[in-house]
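S.K.: got a predicted structure here, sequence first:
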Amino acid sequence: MSNSFKTFLKHTAKDFHNQSVNPPIVRASTIIFKSMQDIRKTQDKAKKNPVGGHFDYGRQGTSTTHILQQILSKLEESYFTFLTPTGFGSVFLAIFSVTRPGDEIIVADPVYSPTRLLSQDFLKEFNIKTTFYDPHDLKTLEKAITKKTKLIFVENPGSNTFDFQDIGKIISIAKKNKILTAIDNTWGTPYFLKPIKLGFDMSIVSATKYYSGHSDVMGGSLAVNKKVFARVKAAERVTGLRLGPDDAYLITRGLRTLDVRLDRHRENAKKVAEFLSKFKNIKLLYPYKKDSYNFRMWKKYYSGASGLMGLKIKAKSEKAVVKFVNNLKLFGHGYSWGGFESLALHQNVREQGNRSYLKLAKNEHIVRLHIGLEDPSDLIADIKQSLKHLK
Ligand SMILES: Cc1ncc(COP(=O)(O)O)c(C=O)c1O
């Protein structure tokens, strides 16, 4: 990332009209005009330039959401960025925009479990078939392609097990077979990985996580290239998915410090990973050990790593692992992540999703840690005192 983008994040969205360094929160259902001619003029402008922020009804947005869309499109290097009330709303919008009954989609096995439920259960009822591929064996992806395949849905790295995939290869397989691609890029955000530039058609980020950074707002973004823009726009129109201006403002505010926070999450996570890498009963699910496939795939595509990691722990019982998690004092126990604070969760089968390719031995358990912005030596000391419960 160039310095100029970091500077852009600090200097954008000023409101010289009201003499505020931040943009106003414009709340509106009715967008008011002085005359019918003005309404028609705006509608004509919107037709000619559908990404230009010309609105005639509140559901389309206001200047507050438009500012956020412009910032994110610059960060994503995308043609346009749609906003949704949650990150999962963006997952839904991406799939809903480009699939119809009779189609097939191919989805990464370790996707976020609600994405798995949406594709394997819900879409089935609409006669859309899903096949899951092994993130580390793309032959399973190639084998799943049929004439009906419309979309390859990637999440990189995979949820909970943090499998890094050869995403460049996935794009070339998709292009060769004229299949659209979407990626859930919530872990890395476009600060560390730019999917649209790499060749993905759609890129999803849960803004709930690092974009907002303060665990107090939900939102999602779906960045798209020009090829799929009209289809997503048409789907957005009929779903009514809209991010409110107050939430858009909080996300814009969070973005001001995205680079600073992510750089710090990365440094802290690296220190914690270094400490944990010394334990034989713990396998790091994080791009730290240079000899691993995951590390190579991360290095090939990413410019940095965020603060979310998994630990595959060998322990005599699940009870011991839960005790280790419970006795962490500085790590809260809760589901979201990407905020300023550290979090720890034991991942059971429900959270892992009903995977086709995950093989865990009876004595292997997965714990997810979000490494926050605390002093890393305090976090390491906390983990150290709780590790005794694994013995
Ligand atoms: C990888 C990933 N994608 C999407 C989502 C959904 O985001 P939201 O909670 O904003 O709906 C989550 C939430 O945890 C996630 O971890």
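M.R.: Thanks, I have the structure now.
S.K.: where does the stretch 201-350 of the chain dip in pLDDT?
M.R.: 350 (pLDDT under 70).
S.K.: which residues of it fall in strands?
M.R.: Secondary structure of the stretch 201-350 of the chain (DSSP state E, counting those that start in this stretch): strands located at 202-206, 220-224, 282-285, 308-314, 343-347.
S.K.: which positions in the protein make contact with the ligand?
M.R.: With C-beta under 6 Å from any ligand atom as the criterion, the chain meets the ligand at residues 86-88, 91, 112, 155, 159, 184, 186, 206, 208, 218, 220, 336. For glycine as for every other residue, the C-beta is placed from the backbone atoms N, C-alpha and C.
S.K.: for the residue of the stretch 251-391 of the chain found nearest the ligand, phi and psi?
M.R.: Residue of the stretch 251-391 of the chain nearest the ligand, by C-beta to the nearest ligand atom: residue 336 (6.0 Å). With angles defined as degrees, to the nearest 10, residue 336 shows backbone torsions of phi -70, psi 180.
S.K.: list the contacts for it?
M.R.: By C-beta atoms under 8 Å, 6 or more residues apart in numbering, the contact list for residue 336 reads 208, 209, 215, 343.
S.K.: most proximal residue of the protein with respect to the ligand?
M.R.: residue 87 (2.5 Å).
S.K.: residues near that residue, how many?
M.R.: Residues lying near residue 87 (other C-beta atoms under 10 Å) number 26.
S.K.: quick one: it and residue 212 touch, right?
M.R.: No - Residue 87 is beyond contact range of residue 212, at 10.5 Å (criterion: C-beta atoms under 8 Å).
S.K.: got any residues that touch both of those two?
M.R.: With C-beta under 8 Å, 6+ apart, residue 87 and residue 212 have common neighbours residue 219.
S.K.: residue 111 falls within a helix, correct?
M.R.: No - Residue 111 sits outside any helix when classified using DSSP: H, G, I helix; E, B strand; the rest coil, being coil.
S.K.: which phi and psi does it have?
M.R.: Torsion angles at residue 111 (phi, psi; degrees, to the nearest 10) stand at phi -70, psi 160.
S.K.: hey, what's the residue lying closest to it once chain neighbours are set aside bridged with?
M.R.: Distance criterion C-beta to C-beta, 6 or more residues apart in numbering; nearest residue to residue 111, sequence neighbours excluded, is residue 155 at 4.5 Å. Beta bridges link residue 155 to residue 184, judged by DSSP bridges.
S.K.: correct me, but residue 155 touches residue 188?
M.R.: No - contact status for residue 155 versus residue 188: not in contact, 10.9 Å apart, counting by C-beta under 8 Å.
S.K.: quick one: residues contacting residue 340.
M.R.: With C-beta under 8 Å, 6+ apart, residue 340 has these contacts: 213, 214, 215, 261, 372, 373.
S.K.: and the closest residue to residue 245 other than its chain neighbours, what element?
M.R.: Nearest residue to residue 245, sequence neighbours excluded (C-beta to C-beta, 6+ apart): residue 64, at 4.0 Å. Using DSSP states H and E, residue 64 falls within helix 63-76.
S.K.: could you check the angle strand 220-224 makes with that helix?
M.R.: 60 degrees (axes from the mean of the first three to the mean of the last three C-alpha atoms, to 10 degrees).
S.K.: just the angle between helix 63-76 and strand 202-206, please?
M.R.: Orientation of helix 63-76 against strand 202-206 (the same axes, to 10 degrees) gives an angle of 120 degrees.
S.K.: buried residues, helix 63-76. List them.
M.R.: Neighbour-count burial for helix 63-76 flags 63-73, 75-76 (criterion: 16 or more other C-beta atoms under 10 Å).
S.K.: now swap in stretch 184-203 and tell me
M.R.: 184-196, 198, 200-203.
S.K.: and for stretch 75-90?
M.R.: For stretch 75-90, the neighbour count (16+ other C-beta under 10 Å) marks 75-76, 78, 80-90 as buried.
S.K.: and if you look at stretch 314-322?
M.R.: By neighbour count with 16+ other C-beta under 10 Å, stretch 314-322 contains the buried residues 315, 321, 322.
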